[in-house]
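Enquirer: what follows is a protein structure lacking sequence information:
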């Protein structure tokens, strides 16, 4: 199983690295980090001091959220594109089964996330060396942990991909799904921050329900995993979210298993 | 049938009065708390038996069981007390039992809160019994003396103004009236009857007993917490250009990023770190729990120390803020000639331009022994903004493989 998954993953990784689009996306990440940190540096013209553990931590958090979204949408095309191109039948005719294939595609999603997070880490380190806006080792560790924390979003992208017959449908569906989740998250934040006395009755009951469901939703929604990391990166004392990281990996494993089961059933049906 | 339909329609469309939210109030035992938060005693209340009271270990705290009306307010998802309608002292003795079941009984005492620098002055202490009464008497005497001095000053000013109006020449010959006296900062609260708690860290159960029987609804869980890191040093960083906006460098890992040429005023404090959740619950037993993390409680400024920053040594000195004269905005910070004039006591540290791009290691040494103060180390990273343009070059590096791959593809497609 490991050998088959590894071979498919290696094939996908080679394709990713050989694709100029991947490098353009990485450059987009480095330019975005540079542009926003330029603004931070220019604030030193008027304010001479900043106390922080990771200068531009909010920027890094935002970029990681973008990286997670892109990795998830990219993964959503993984199975659907193979199905559309007819390569899935060829693979399944050989020694590859649905579980090998799903694992390989999950690894591919994580590789995409790593390829998008690495330029952020690289550029923050480069700016740190050049302008002395150095980050601490704990901040660097948190940025590395961004990759496993993107896993739930990638896992859900994989499940969506296994349900779709074409890459286009998978992209549309996953984009809509993640946009809905982000909107839901932002609405929840707004509702939680609202003064209860100023809400109408419907909004009040909605807030009650949302606050009641929040402890469960924070483990279910893939947005929450990334949002928690983004929030942590803004703190002065950084704490690595190990529990969330372990939960994210378990979440991704469940999604991979779900995608494998869907593929097996669909294979049997076809 | 038509009549029935019309009746139903009339009932559906009839205007109903809006329902107001009027929660049911229940008479209960509530605990009024005066909990020490590391600097001052702040008010809090425990209204429901399910709540846990959190206090800092080895500090004096006040707890006062009251009979009041408690209700649940759905809009804020919390219990509230209607102190205006009912606020009666709950008679009895307070029993506190630790985890082993060893119980101790406390009796009510007369207590006062003393604010030596005024309410909100950053420090308070509790006094009980005869000491409390003495403190209150002393405060009343100080207040009476101030009121007398103020009345005399007011009378003298009015008399001078009257003379100035009636006989200006004579008024100018006389010395001007004395200025109004400065109000004493000290404040001592009215004595009240309450229980004084000073406990070591641990979990306790707390209940009120009357005639040997537990008063219904008076049981609470009490958690007395100790710091997760004690005796550390936190820094307050005051930039010269915005002295009212003080930045806190609390965590040892946090760095101070400074522009070259800046002058920083640094004040070290002794501080203890507590769990953020404990501090939130100490201030409000119903508070929602914050994310896991620590919260630093600043104890007192660290005096008797010298600052070391690279090769630079600095002494703790008094500084005052001088506004620019006239209509122009702005100010400058200068050394105060006397400590009484000081608006801040700090170490002044100028960041030389030539250190741009380098780090300064900040530390404290004991002024007497020269021993380094543990936990005071911080790094000051001095910005080198002029080298930032190179960051655009490093940002463009991932475009090089993209270009090679693109050209390679074009060549292959051309060859094909």
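Expert: Perfect, thanks for sending it. Since we're looking at a predicted model, the values are computed, not measured.
Enquirer: which residues touch residue B:181?
Expert: The contact partners of residue B:181, by Cβ atoms under 8 Å, 6 or more residues apart in numbering or on different chains, come to B:146, B:149, B:150, B:153. All C-beta atoms are positioned from the backbone trio N, CA, C, and that covers glycine.
Enquirer: one more time with 10 Å
Expert: By Cβ atoms under 10 Å, 6 or more residues apart in numbering or on different chains, the contact list for residue B:181 reads B:145, B:146, B:147, B:148, B:149, B:150, B:152, B:153.
Enquirer: per-residue pLDDT of it, please?
Expert: Per-residue confidence (pLDDT) for residue B:181: 85.
Enquirer: next, it: secondary structure please.
Expert: The assignment at residue B:181 comes out as coil when based on DSSP: H, G, I helix; E, B strand; the rest coil.
Enquirer: distance of it from chain A?
Expert: In this view, residue B:181 and chain A are 39 Å apart by Cβ to the nearest Cβ, to the nearest Å.
Enquirer: is chain B contacted by stretch A:177-188?
Expert: No. Using Cβ under 10 Å from any Cβ of the partner chain, no contact is recorded between stretch A:177-188 and chain B, whose separation bottoms out at 14.4 Å.
Enquirer: how about that stretch: buried residues?
Expert: With burial defined by 16 or more other Cβ atoms under 10 Å in any protein chain shown, the residues of stretch A:177-188 counted as buried are A:177, A:178, A:181, A:182, A:185, A:188.
Enquirer: show me where the stretch 51-200 of chain B has its strands.
Expert: Counting by DSSP state E, counting those that start in this stretch, the stretch 51-200 of chain B has strands at residues B:52-56, B:61-73, B:78-81, B:87-89, B:93-98, B:103-106, B:109-115, B:125-128, B:187-188, B:192-197.
Enquirer: so which of the ones you listed is nearest chain A?
Expert: Nearest of these to chain A, taken as Cβ to the nearest Cβ: strand B:61-73 at 9.0 Å.
Enquirer: and that closest one, what's its mean pLDDT?
Expert: For strand B:61-73, the per-residue pLDDT averages 93.
Enquirer: that one pairs with which strands, and in what direction?
Expert: strand B:26-36 (antiparallel), strand B:78-81 (antiparallel), strand B:87-89 (antiparallel), strand B:192-197 (antiparallel) (DSSP bridges).
Enquirer: quick check: angle from that strand to strand B:109-115?
Expert: Taking axes from the mean of the first three to the mean of the last three Cα atoms, to 10 degrees, strand B:61-73 and strand B:109-115 form an angle of 90 degrees between their directions.
Enquirer: list the buried residues of strand B:61-73.
Expert: B:61, B:62, B:63, B:64, B:65, B:66, B:68, B:69, B:70, B:71.
Enquirer: kindly indicate which of those lies nearest residue B:158.
Expert: Distances from residue B:158 to these, taken as Cβ to Cβ, are shortest for residue B:62 (43.3 Å).
Enquirer: how far away is the closest one from residue B:117?
Expert: Distance of residue B:62 to residue B:117, given as Cβ to Cβ, to the nearest Å: 20 Å.
Enquirer: what's the answer for residue A:186, then?
Expert: Distance of residue A:186 to residue B:117, computed by Cβ to Cβ: 44 Å.
Enquirer: please report phi then psi for residue A:150.
Expert: phi -80, psi -10 (degrees, to the nearest 10).
Enquirer: quick one: contacts for it?
Expert: Taking Cβ under 10 Å, 6+ apart, we find residue A:150 in contact with A:64-65, A:67-72, A:75, A:109-110, A:112-114, A:116-117, A:157, A:222, A:225-226, A:229, A:248, A:252.
Enquirer: hmm, 7 Å instead?
Expert: Neighbouring residues of residue A:150 by Cβ atoms under 7 Å, 6 or more residues apart in numbering or on different chains: A:67, A:68, A:71, A:113, A:226.
Enquirer: if you rank those residues by neighbours, which is first?
Expert: Among the contacts of residue A:150, the one with the most neighbours (other Cβ atoms under 10 Å in any protein chain shown) is residue A:68, at 30 neighbours.
Enquirer: surely that residue and residue A:226 touch.
Expert: Yes. In this structure, residue A:68 is within contact of residue A:226 by Cβ atoms under 7 Å, at 4.7 Å.
Enquirer: joint contacts of these two?
Expert: By Cβ under 7 Å, 6+ apart, the residues touching both residue A:68 and residue A:226 are A:150, A:153.
Enquirer: for stretch B:129-140, what is the average pLDDT?
Expert: On average, stretch B:129-140 scores 93.
Enquirer: and it, which residues are buried?
Expert: For stretch B:129-140, a neighbour-count test (16+ other Cβ under 10 Å) marks B:132, B:135, B:136, B:139 as buried.
Enquirer: of the residues you listed, which pair is most distant in space?
Expert: The distance between the two most remote of the buried residues of stretch B:129-140 (Cβ to Cβ) is 10.6 Å, for B:132 and B:139.
Enquirer: residue A:102 versus residue B:143, what's the distance?
Expert: Separation of residue B:143 from residue A:102 (Cβ to Cβ): 79 Å.
Enquirer: go through the strands paired with strand B:61-73 and name the closest to residue B:398.
Expert: Of all the strands paired with strand B:61-73, strand B:78-81 sits nearest to residue B:398, with 51.9 Å by Cβ to Cβ.
Enquirer: buried set for the closest one?
Expert: B:78, B:79, B:80, B:81.
Enquirer: residues touching that strand, excluding its own?
Expert: For strand B:78-81, the external contacting residues (Cβ under 7 Å, 6+ apart) are B:30, B:45, B:47, B:48, B:68, B:69, B:70, B:71, B:72, B:73, B:286.
Enquirer: which parts of chain B are helices?
Expert: Applying DSSP state H to chain B gives helices spanning B:2-13, B:129-166, B:168-173, B:276-283, B:389-396, B:399-415.
Enquirer: okay if I get the buried residues of stretch B:129-140 as JSON lines plus distance to residue A:164?
Expert: JSON lines is the format used below for the buried residues of stretch B:129-140 (distance: Cβ to Cβ, whole Å):
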{"residue": "B:132", "distance to residue A:164": "75"}
{"residue": "B:135", "distance to residue A:164": "77"}
{"residue": "B:136", "distance to residue A:164": "78"}
{"residue": "B:139", "distance to residue A:164": "77"}
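Enquirer: before we move on, back to that, helices - which of the buried residues of stretch A:177-188 land there?
Expert: A:177, A:178, A:181, A:182, A:185, A:188.
Enquirer: least confident of those?
Expert: Least confident of these in the model: residue A:188, at 87.
Enquirer: my read is that that residue contacts residue A:211, right?
Expert: No. The pair residue A:188 / residue A:211 is not scored as a contact, 8.8 Å apart, by Cβ under 7 Å.
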